[in-house]
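Asks: show me the folded form of this:
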Amino acid sequence: MAGVNNYTLKAMGYAAVSLVLLVLSLTLSSNFLLVISLISLGLVLLSTGFIPRVPSMERELEDSVIYEGEEVKVSLEIKKTGGLGHLEILDTASPALEISSGSNHMFLPPRRGRMEYSVRSPLRGYHEIGPLIIRRWDPLWLWFREERIDSTDRITTFPRLVETRGVQKFAGPNKQRPGAMHLKMAGLGKEFYSIRDYVTTDPYSTINWKAYARTGRLKVNQYEAESISDIVFILDARRVTRVGDMVDNPLEREVRLCASMVSQLLGRANRVGLVTYGTSVSVIKPQGGNGQRTNLLHYLTDLTPAGYNTLGATVHYSLSYIPPEAEVILLSPLSEDPTIKEGVKALRERGHSVVIISPSGLEFERKVLNNLVSPRYLIKLLNRRNLMKDLEGMGGRTVDWGPDRDIRWAMEEAFG
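Replies: Predicted coordinates for the structure are as follows:
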């Protein structure tokens with residue numbers, strides 16, 4: 001979008017002084033003041049003809065897909081920088097991005113053709129860089145030509161992933177699928193994996209007698225594990241999950257934990273599905289592979305807290321999409337929902353094992369209120385503890401996750 005020549009207060013000041021000197025020279029009949037006023041006024045008018053055209057520019061991102069907390073280097077290549085005037089560039093960035101090094105607002109001298117800076121993305125989501133606002137100044141910094149280039153690039157920020165051994169040990173009932181699903185790890189299977197020293201708990205059928213004859217020590221064969229399980233996450237994305245700050249609240253905890261577990265479980269040849277409820281109920285059927293991992297990460301990246309749906313209604317709607325004997329992992333603060341017991345009971349009656357990981361919205365709220373302990377807080381805390389005991393009585397495994405515990409702790413507590 002092309003702009004017009006714009007003046008500055010400096011230009012108007014010079015023009016005003018020139019006119020005052022011109023009036024004084026005519027009043028006082030001073031040739032000296034007349035010459036000074038004409039020269040000053042001439043420079044102001046002449047400078048408007050030395051404003052170069054705005055050059056063309058190209059933006060390049062080092063990477064367009066990152067994880068929370070990572071940085072991206074942004075480079076701007078400026079073409080045709082001829083002319084005497086300076087170049088002012090403002091590369092608009094999303095408010096969710098932080099400038100980690102350099103600057104997205106720079107003044108470049110004539111004939112310099114490159115600008116670089118880095119942005120850090122502390123929040124998941126889809127963040128844009130652009131449009132470009134460019135000003136080309138005349139050599140005296142009196143006038144400028146401004147244009148807005150509607151060129152935008154998008155940075156996709158996936159939730160931060162955390163790895164832990166707890167998830168690697170977790171596996172539900174094996175499913176019978178056509179063909180073996182090799183996990184590239186030692187276990188019970190048929191494909192050879194490695195040879196190791198014999199221990200007393202190893203069956204004699206696994207002893208490698210050729211290796212024993214060669215080394216004089218008992219060796220056993222290990223085989224690749226063959227396992228595939230169905231795991232379904234039920235994630236609470238209601239409005240109540242946003243209590244806390246922008247970076248750390250129950251929903252962000254749920255999303256990061258879910259993304260971390262999805263990445264590891266799919267890497268072990270499991271099938272993973274996702275059910276979310278907030279304004280509506282959304283179901284992604286269990287599947288395996290890198291394509292499912294990418295789909296789930298994109299979905300979690302775009303998730304926002306909204307709505308007032310209940311767990312009971314969500315479970316009754318999604319039961320037909322959950323495979324029999326699938327492991328169900330419920331991520332919810334367990335607050336402001338009278339149907340939680342109903343939903344967990346329906347899952348247990350159908351034969352699903354249920355793990356409940358609950359980031360405490362009550363503790364996040366207390367943290368925002370500077371750890372204020374009120375009678376209302378104590379009553380809610382007692383109700384929460386009673387609810388979690390009731391869920392354990394139904395056969396669910398519960399994890400009470402406070403703000404002082406990190407994601408790795410929650411994963412190891414649930415599956416370690």
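
Asks: roughly how far does the spatially closest residue to D248 that is not a sequence neighbour sit from I234?
Replies: Once flanking residues are discounted, D248 sits nearest to P403: 6.9 Å by CB to CB, 6 or more residues apart in numbering. Yep, even glycine has a C-beta here, placed from its N, CA and C like the rest. In this view, P403 and I234 are 22 Å apart by CB to CB, to the nearest Å.

Asks: ditto for E163
Replies: For E163, the distance to I234 - CB to CB - is 23 Å.

Asks: which one's more surrounded, those two?
Replies: Under the criterion of other CB atoms under 10 Å, the comparison of E163 against I234 puts I234 first, with 27 against 14.

Asks: ok, that one - contacts?
Replies: V275, T276, Y277, L311, T314, V315, S318, V328, I329, L330, L331, S332 (CB atoms under 8 Å, 6 or more residues apart in numbering).

Asks: buried among those? Need that as a selection in PyMOL.
Replies: With 16 or more other CB atoms under 10 Å as the burial test, the buried ones among those are selected in PyMOL as follows:
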select buried, resi 275+276+277+311+314+315+318+328+329+330+331+332
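
Asks: which ones among the contacts of I234 are found in strands?
Replies: V275, T276, Y277, V328, I329, L330, L331 (DSSP state E).

Asks: is the first one in a bridge, and if so with what?
Replies: The one in question is V275. Under DSSP bridges, the beta-bridge partners of V275 are I234, V283.

Asks: how close does it get to N249?
Replies: Distance from V275 to N249, by CB to CB: 20 Å.

Asks: could you do the third one as well?
Replies: Going from Y277 to N249 by CB to CB gives 17 Å.

Asks: nearest spatial neighbour of I357, skipping sequence neighbours?
Replies: V399 (4.7 Å).

Asks: actually L26, not the one I typed
Replies: Using CB to CB, 6+ apart, the nearest residue to L26 is L34, at 7.4 Å.

Asks: got a list of contacts for the one helix or strand the one you found maps to?
Replies: In the assignment (DSSP states H and E), L34 maps to helix 31-47. Residues from elsewhere that reach helix 31-47 (CB under 8 Å, 6+ apart): 11, 14-15, 17-22, 24-26, 138-140, 142-143.

Asks: for the spatially most central residue of the chain, give me the pLDDT.
Replies: In the chain, the centroid-proximal residue (CA atoms, centre = their mean) is R124; its distance is 2.0 Å. In this model, R124 is scored at 94, pLDDT.

Asks: where along the stretch 51-200 of the chain do the strands fall?
Replies: 56-61, 65-67, 71-79, 87-93, 98-102, 105-108, 114-120, 125-137, 143-149, 153-158, 182-197 (DSSP state E, counting those that start in this stretch).

Asks: mind checking how far N249 is from L311?
Replies: According to CB to CB, N249 and L311 sit 19 Å apart.

Asks: what's the answer for G288, then?
Replies: 26 Å.

Asks: circling back to that earlier point, what is the neighbour count of the residue nearest to I357?
Replies: 19.

Asks: now do V162
Replies: Here the number of neighbours of V162 (other CB under 10 Å) works out to 19.

Asks: contacting residues around it?
Replies: V162 makes contact with R256, L257, S260, D406, I407, R408, M411, according to CB under 8 Å, 6+ apart.

Asks: one more pass at 6 Å, please.
Replies: S260, I407, R408 (CB atoms under 6 Å, 6 or more residues apart in numbering).

Asks: shouldn't K210 be within a helix?
Replies: Yes: assigned with DSSP: H, G, I helix; E, B strand; the rest coil, K210 falls within a helix.

Asks: and the gap between it and I195?
Replies: From K210 over to I195 (counting by CB to CB), the distance is 10 Å.

Asks: next one: P375
Replies: 65 Å.

Asks: who's more crowded, these two?
Replies: I195 (14 against 7).

Asks: isn't the more buried one right next to R217, touching?
Replies: No: using CB atoms under 6 Å, I195 makes no contact with R217, being 10.7 Å away.

Asks: now do the same contact list for V74.
Replies: Taking CB under 6 Å, 6+ apart, we find V74 in contact with L61, Y117.

Asks: just for the stretch 51-200 of the chain, where's the confidence low?
Replies: With pLDDT under 70 as the threshold, the stretch 51-200 of the chain has low-confidence stretches at 51-54, 80-85, 110-112, 165-193.

Asks: could you redo the last one with a cut-off of 90?
Replies: 51-59, 76-89, 104-115, 130, 132-151, 162-200 (pLDDT under 90).

Asks: could I get the full set of helices for the stretch 251-400 of the chain?
Replies: Taking DSSP state H, counting those that start in this stretch to define them, one finds helices in the stretch 251-400 of the chain at 290-301, 311-318, 340-349, 361-368, 375-393.

Asks: looking at those, which one has the lowest mean pLDDT?
Replies: For the helices of the stretch 251-400 of the chain, where the average pLDDT is lowest is helix 361-368, sitting at a mean of 87.

Asks: that helix to helix 375-393, inter-axis angle?
Replies: Angle of helix 361-368 versus helix 375-393, following axes from the mean of the first three to the mean of the last three CA atoms, to 10 degrees, is 150 degrees.

Asks: let me see the residues that make contact with helix 361-368.
Replies: V243, G244, N249, P250, P333, S335, K380, G402, P403.

Asks: so the second one is in which element?
Replies: The one in question is G244. Under the criterion DSSP H and E, no helix or strand holds G244.

Asks: contacts only, for it.
Replies: Taking CB under 6 Å, 6+ apart, one finds F364 in contact with G244.

Asks: so which of the helices of the stretch 251-400 of the chain comes closest to P109?
Replies: Taking CB to CB, helix 290-301 is the member of the helices of the stretch 251-400 of the chain nearest to P109, at 40.2 Å.

Asks: let's see the closest one as CSV, backbone CA atoms only.
Replies: The C-alpha trace of helix 290-301 is given here as CSV (Å, rounded to 0.1, in the frame of the first residue of the first chain):
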residue,chain,number,x,y,z
ASN,A,290,3.9,-39.7,12.6
GLY,A,291,0.8,-38.3,10.8
GLN,A,292,-1.3,-38.8,13.9
ARG,A,293,1.4,-37.2,16.0
THR,A,294,1.4,-34.1,13.7
ASN,A,295,-2.4,-33.9,13.7
LEU,A,296,-2.6,-34.1,17.5
LEU,A,297,0.1,-31.5,18.0
HIS,A,298,-1.6,-29.1,15.6
TYR,A,299,-4.9,-29.6,17.4
LEU,A,300,-3.4,-29.0,20.8
THR,A,301,-1.6,-25.9,19.6
